[in-house]
Structure formats: C-alpha cells, structure tokens
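[1] Got a sequence here, can you build the structure:
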Amino acid sequence: MKEEILDAPMGGKKIEATDSKFTSYQKLLMALLALTQFTVVLDFMVMNPLGYKLMSDMNLSTSQFGIVVSSYAFSACASGLLTAGFADRFDRKKLLLFFYIGFILGTLFCGLASTYSLLVLARIITGIFGGVIGSISMAIVSDIFTLQQRGRVMGFMQMGFGASQVLGIPISLFLANVWGWQAPFLMIVGLAAVITIFIMVSMKPITKHLDAKTEKNVFLHFGRTFINPMYLIGFLLTALLSIGGFMIMPWGSKFAVNNLHVTDQQLPYLFMFAGISVLIIMPLIGKLSDSIDKFKLFAVASLFTVLIVIIYTNLPPVSFWIIVSLQILMMAGIMSRMVPATAIVSALPELHDRGAFMSINSSLQQLAGGIGAVIGSLIVFQKDNESPLENYDILGYVIGFFAIVCIFILFRVNKLVK
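    Presented below is the predicted three-dimensional model:
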C-alpha cells in the first residue's frame with residue numbers, strides 16, 4: 001500500500017510521505033492526544049489500586065468488584081463495534097470531542113456513585129465513551145502523520161501508560177486516602193475538562209477522509225471493513241498481542257508478593273520504577289522505530305521479550321533490585337514490540353476506512369484482553385490467599401508461543417503495507 005500525501009492540517013504546504021520532521025501543529029496535536037490517552041488510561045488503571053478501599057467502603061465482594069472492572073472493558077468493546085460504521089462519516093475532531101465529553105460525564109458519575117448498581121452503570125457509561133477514544137486518536141494520527149513519523153508519535157502517546165503509573169496512581173491514592181475513593185475520579189474530570197477546552201480551541205477540523213468514496217449504509221461500511229482480508233490479518237495481530245499482555249498483567253502484583261516475597265512497602269516502588277522506565281524508553285523506541293525497519297525491530301524485541309518473560313516467570317525469591325531490573329527489561333521488550341506493530345498496522349486501512357478499522361481494532365483489542373485474562377486464570381491457581389501462584393512458569397511459555405506467532409503475522413502485515 002502506497003503511503004498517501006497528506007494535506008497539512010492548517011492548509012498550505014503538503015506533508016510529503018518522505019518528510020519525517022514535525023510541524024508545530026503536529027507537535028501540539030501529539031501533546032493533546034497524549035494527554036487524552038493519559039486521562040483515559042488513568043481512569044482504567046486506577047480501579048485496581050483503589051480496589052481495597054472501594055470494596056471496604058461500599059462493602060463489595062470480590063466478584064462484585066470484578067464486575068465493576070470488567071463492565072468497562074466489555075462496554076468499550078461493544079461501543080467500538082457499534083460506532084465503527086459511523087466513524088468515517090464525521091469530522092474526527094467533533095467525534096473525539098463527543099466521546100471525550102461522554103467519558104468525562106461517565107467518570108463524573110463514578111465519583112458521585114453511592115451504590116454498587118450506580119457504580120457499575122457509571123463504569124458502563126465510561127467504557128462506552130472512553131473505549132472509543134483510542135481508536136479515534138489512532139485514526140487522527142494516521143490522517144495527520146506520515147508512516148515515517150508514526151513510530152515517534154506512537155511512542156509519545158504510549159507514555160500515558162508510564163505517566164499514569166508514575167504520577168497518576170500515586171496522586172490518586174493520596175487523594176483517596178484524604179478525601180475518599182471518589183476523589184481520583186473527580187481529579188480526572190477536572191484535568192479532562194481543561195484538555196477538552198484546548199482541543200476545542202487548538203485542534204483544526206479533520207475532514208479529508210470525508211472526500212473519499214465510501215458506502216452510504218453504515219452497516220455495509222462496517223461489514224466491508226470487518227471482512228476485508230487485508231484488514232483481518234491486522235485484527236488478528238492486535239488480538240494476539242493483547243491476549244499475551246493480559247494473560248500476565250492481572251497476576252503481576254500477586255506473583256511479586258507471594259512468589260518473589262516483595263513486601264507491601266516495596267510494591268508501589270516496583271510499579272513506579274517500571275513506569276519511569278516507560279517514560280524514558282518510549283520516546284527512544286519511537287525514534288528508533290522511525291529510523292530502522294519496523295518489522296526487524298519488532299522481531300528482535302519479540303525474541304528478547306520471550307527470553308525475559310520466561311526468566312521472570314521462573315524466578316525464585318531474589319533481591320528486590322534484580323526484580324526491578326527484570327521488570328524494566330520486560331517493559332522495554334513489550335513496548336519495543338507495541339510501537340512498531342501499531343505503526344505498521346495503522347498503515348493497513350485506506351483513508352475512507354480508517355475510522356471503522358480503528359474502532360473494530362480497538363474493540364477486538366478489548367475483547368482479546370478479556371479472553372487473555374480468562375486464559376490466564378485457567379492456567380495459574382492458588383491453594384489459598386497466602387500461598388504462591390502455581391503454573392506461573394507455564395504462563396510464561398504460553399506467552400512466549402504467542403509472541404513467536406506474532407512475528408510471522410506481522411511479517412505478512414508488513415508485506416501488505418509495503
């Protein structure tokens with residue numbers, strides 16, 4: 001697929017596909033998209049550290065809390081699929097604002113919820129709107145930035161994950177300890193409201209895709225995008241990448257405490273150091289992804305990740321700093337896979353299909369993540385709450401298998417893009 005020539009968002013000079021320098025407007029857009037990602041990621045991730053306090057204050061069982069957490073993911077998946085047919089029919093700026101404002105209202109309802117039922121409803125509303133924002137942002141990136149720029153853009157946007165661990169979660173926990181579990185959600189609402197104003201004022205309309213020929217029937221547009229053979233392989237890759245990550249993520253803190261004997265006091269620092277590493281690594285990986293072959297970077301990073309994951313999942317109790325070092329190496333490997341893979345997949349859809357493609361891709365990512373967590377729960381088990389996790393090493397081998405399969409799939413995707 002040939003990378004098209006993109007019109008500069010502010011008019012005038014066109015951005016050639018070979019131009020890898022960022023304009024001042026592109027830099028502003030990167031910052032706005034990264035900030036929206038930060039708030040959405042923080043809203044999702046803050047549920048886990050808040051769990052103990054929320055369950056205590058609202059008298060929730062573990063199964064009820066599980067429903068509170070999973071309701072976001074499944075509603076986000078459903079929302080992405082339902083909106084896929086409409087995603088290419090509107091100015092992407094207006095679409096982003098609509099769903100971001102909906103996300104803000106959902107998060108506000110979370111902060112105001114006083115019962116279990118209201119909290120579940122609030123999480124469903126937040127998922128309906130928040131789960132689509134990532135796909136809209138990806139469509140905007142694909143419209144405004146050339147393929148030679150997207151590695152750096154993806155790296156910068158993925159920093160929201162690290163920033164949420166380093167800044168967002170500690171601040172949220174501090175606010176929760178002082179004013180209650182509702183405070184972090186209200187903080188996110190305030191920050192997101194300010195970001196919304198900047199988007200309204202600073203972002204230009206993004207409408208070039210409206211000139212492209214597409215189906216008038218939104219269901220036909222969705223169906224044609226979903227069954228496109230070239231797109232299906234991109235969906236498969238995204239799903240397998242998500243399954244591997246979600247298989248190991250939910251059990252990370254439990255394994256660290258029960259198997260590696262990390263103390264409750266050390267655990268926040270373990271996450272904080274991993275988050276700091278993401279903030280440092282992501283810009284470097286993004287720049288590297290734009291300067292060398294993206295597939296080669298993905299392949300090398302995948303093999304490196306397999307090695308580190310297998311070492312970590314077989315680890316006996318060792319020094320805390322060895323655990324921190326392996327966590328950082330594992331994060332480096334994972335992110336070195338995600339950035340080039342996301343950049344390559346973003347080049348698959350045609351201009352008139354990008355919104356639908358990104359919505360479907362994001363939905364399948366959410367669904368695959370839930371499936372990955374279920375698979376992980378079937379592999380690992382625990383005799384009681386204080387005993388070590390069993391079969392965590394098997395989990396590492398399964399994740400390694402998925403990582404190797406992804407190399408072959410991305411090889412095919414990369415050939416289609418070229």
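[2] which stretches of the stretch 1-150 of the chain form strands?
    6-7, 14-15 (DSSP state E, counting those that start in this stretch).
[3] So, low pLDDT: which residues of the stretch 51-200 of the chain?
    51-52, 55, 61-63, 65-66, 84-88, 147, 155, 158-170, 172-173 (pLDDT under 70).
[4] residue boundaries of the helices in it?
    For the stretch 51-200 of the chain, the helices defined by DSSP state H, counting those that start in this stretch occupy 62-83, 92-112, 116-144, 147-163, 169-179, 183-202.
[5] Which strands and helices lie in contact with the second one?
    So that's helix 92-112. In terms of contacts (3 or more CB pairs under 8 Å, 6 or more residues apart in numbering; DSSP states H and E), helix 92-112 is packed against helix 24-45, helix 116-144, helix 183-202. Placement of C-beta: from N, CA and C, glycine included.
[6] try the longest one
    In this structure, helix 116-144 makes packing contacts with helix 24-45, helix 62-83, helix 92-112, helix 147-163, helix 320-346, helix 354-379, judged by 3+ CB pairs under 8 Å, 6+ apart.
[7] swap the cut-off to 6 Å and go again
    Counting contacts by 3 or more CB pairs under 6 Å, 6 or more residues apart in numbering; DSSP states H and E, helix 116-144 packs against helix 24-45, helix 62-83, helix 92-112, helix 354-379.
[8] neighbours around residue 183, how many?
    19 (other CB atoms under 10 Å).
[9] residue contacts, the closest residue to it other than its chain neighbours?
    Leaving aside its chain neighbours, residue 183 sits nearest to residue 175 (3.9 Å; criterion: CB to CB, 6 or more residues apart in numbering). Residue 175 makes contact with 183, 184, 187, according to CB atoms under 6 Å, 6 or more residues apart in numbering.
[10] Now do the first one against residue 418, distance only.
    As judged by CB to CB, to the nearest Å, residue 183 and residue 418 stand 50 Å apart.
[11] Wait, residue 54 touches residue 181, no?
    Yes: judged on CB atoms under 6 Å, residue 54 makes contact with residue 181 at a distance of 4.7 Å.
[12] neighbour count winner among these two?
    The neighbour comparison of residue 54 against residue 181 (other CB under 10 Å) goes to residue 181, with 26 against 18.
[13] for that one, phi and psi?
    Main-chain torsions, residue 181, degrees, to the nearest 10: phi -70, psi -20.
[14] Now the helix or strand hosting residue 271: buried residues?
    Assigned by DSSP states H and E, residue 271 belongs to helix 267-291. Neighbour counts over helix 267-291 (16 or more other CB atoms under 10 Å) mark 270-279, 281-282, 285-286, 288-290 as buried.
[15] ditto for stretch 319-328
    Buried positions in stretch 319-328, judged by neighbour count with 16+ other CB under 10 Å: 323, 324, 326, 327, 328.
[16] Same list, the residues you listed, but as JSON lines with distance to residue 125 and pLDDT please.
    JSON lines is the format used below for the buried residues of stretch 319-328 (distance: CB to CB, whole Å; pLDDT from 0 to 100):
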{"residue": "323", "distance to residue 125": "38", "pLDDT": "92"}
{"residue": "324", "distance to residue 125": "38", "pLDDT": "90"}
{"residue": "326", "distance to residue 125": "39", "pLDDT": "91"}
{"residue": "327", "distance to residue 125": "34", "pLDDT": "86"}
{"residue": "328", "distance to residue 125": "36", "pLDDT": "87"}
